[in-house]
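K.L.:
Dropping a prediction and its sequence here:
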Amino acid sequence: MTKILLVEDDKTIVANLTEFLNNEGYIVRSVTGQTTAMNLLTEEKVDLVLLDVSLAEGNGFATCKAIKAKYDIPVIFLTASGDEFSTVTGFELGADDYIPKPFRPRELVSRIKNVLRLTGNTGKTVKLGDVVVDTEKGTAMKNNKDLFLSALEYRLLLVFINNRGIVLTRNQLLDAIWDVAGEYVNDNTLTVYIKRLREKIEDDPTNPQIILTVRGIGYKVEL
C-alpha cells in the first residue's frame with residue numbers, strides 16, 4: 001500500500017485528511033514539523049509527502065529542500081498561500097505539485113495519483129517531444145535551453161504529461177489549473193496560456209505537433 005507522510009500542524013486537517021486518505025486505501029503518517037519529518041523518513045519508507053508551508057517547527061520550503069536533498073520522494077505542497085511567488089518558490093525547491101487550501105479532497109486524491117504515476121513511471125525527468133521536464137527541479141528545457149515557464153504554464157504542461165493520449169476538454173483543463181493562479185481562470189485566459197505554452201515548446205506554434213487541438217472538444221498530447 002502507498003504510504004503518505006503528512007507534515008501539517010493543524011490537528012483538524014490532520015484528522016480529516018488521515019481519515020479520508022485511509023478510506024481511499026492509503027497509509028498515512030503525520031508529523032508537525034521539519035525535525036520530526038526528517039526523523040520519520042530515516043525510519044520508514046514513504047512514497048509521497050504532503051507538506052504545509054506554515055509549520056509548528058521549521059517551514060515547508062526548508063523542509064522540502066531538506067527532503068529533496070536526501071530522498072527521491074515526490075512532494076505536494078498544501079498551503080493557504082495561493083500567490084504565484086509561493087507557487088514558483090515551491091516548484092524551484094523541487095515540489096511536484098502545489099495545492100492551495102481550501103481544496104477538494106477528491107481533487108487531492110487525483111493529484112496524488114497523477115504525481116505518483118508521473119514520478120513512479122519516469123523518474124525525475126519526462127520527455128515530451130524535444131521538451132525535457134525535470135519534475136524534481138520544476139523546470140522545462142528544450143535543446144538544453146530553459147523555457148522559463150510560469151507556474152501556471154508549468155502546471156498546464158504537467159496536466160498534459162499526466163494525460164498523454166487522452167483528450168482533455170477545456171473545462172477539465174480549467175479545473176486542473178485554476179488554483180495555481182490564485183484566482184479563477186476563465187476560458188479566455190486558458191486560450192492565452194495554451195498559446196503561450198505552444199510558443200515556448202513548439203517548433204512552429206502555428207502548426208503544433210505537441211499540444212494538438214481536437215476540434216469542438218479540447219486538446220491532447222500523444223508524444
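P.N.:
Now that the structure is in, tell me what you want to look at.

K.L.:
hey, where'd the helices end up in this structure?
P.N.:
11-23, 34-43, 60-70, 84-92, 105-122, 151-162, 170-177, 187-201 (DSSP state H).

K.L.:
tell me the angle the second one makes with helix 60-70.
P.N.:
Taking axes from the mean of the first three to the mean of the last three C-alpha atoms, to 10 degrees, one finds that helix 34-43 is oriented at 20 degrees with respect to helix 60-70.

K.L.:
Summarise which helices and strands helix 34-43 is packed against.
P.N.:
Applying 3 or more C-beta pairs under 8 Å, 6 or more residues apart in numbering; DSSP states H and E, one finds that helix 34-43 contacts strand 3-7, strand 27-31, helix 60-70. Bear in mind the C-beta positions are built from the backbone N, C-alpha and C, glycine included.

K.L.:
So which of the ones you listed is the most surrounded?
P.N.:
Across the helices and strands packed on helix 34-43, averaging neighbours per residue (mean count of other C-beta atoms under 10 Å) puts strand 3-7 on top, at a mean of 22.

K.L.:
for that strand, what is the average pLDDT?
P.N.:
Across strand 3-7, the average pLDDT comes to 94.

K.L.:
list the helices and strands that strand packs on?
P.N.:
Applying 3+ C-beta pairs under 8 Å, 6+ apart, we find strand 3-7 packed against helix 11-23, strand 27-31, helix 34-43, strand 48-52.

K.L.:
before we move on, the earlier item: so which of the helices and strands packed on helix 34-43 gets nearest residue 171?
P.N.:
Ranking the helices and strands packed on helix 34-43 by proximity to residue 171 (C-beta to C-beta) places strand 3-7 first, at 28.6 Å.

K.L.:
Listing partners with orientation, what would you give for the closest one?
P.N.:
Counting by DSSP bridges, the strands paired with strand 3-7 are strand 27-31 (parallel), strand 48-52 (parallel).

K.L.:
Can you check what angle separates the last one from helix 11-23?
P.N.:
With the same axes, to 10 degrees defining the directions, strand 48-52 sits at 160 degrees from helix 11-23.
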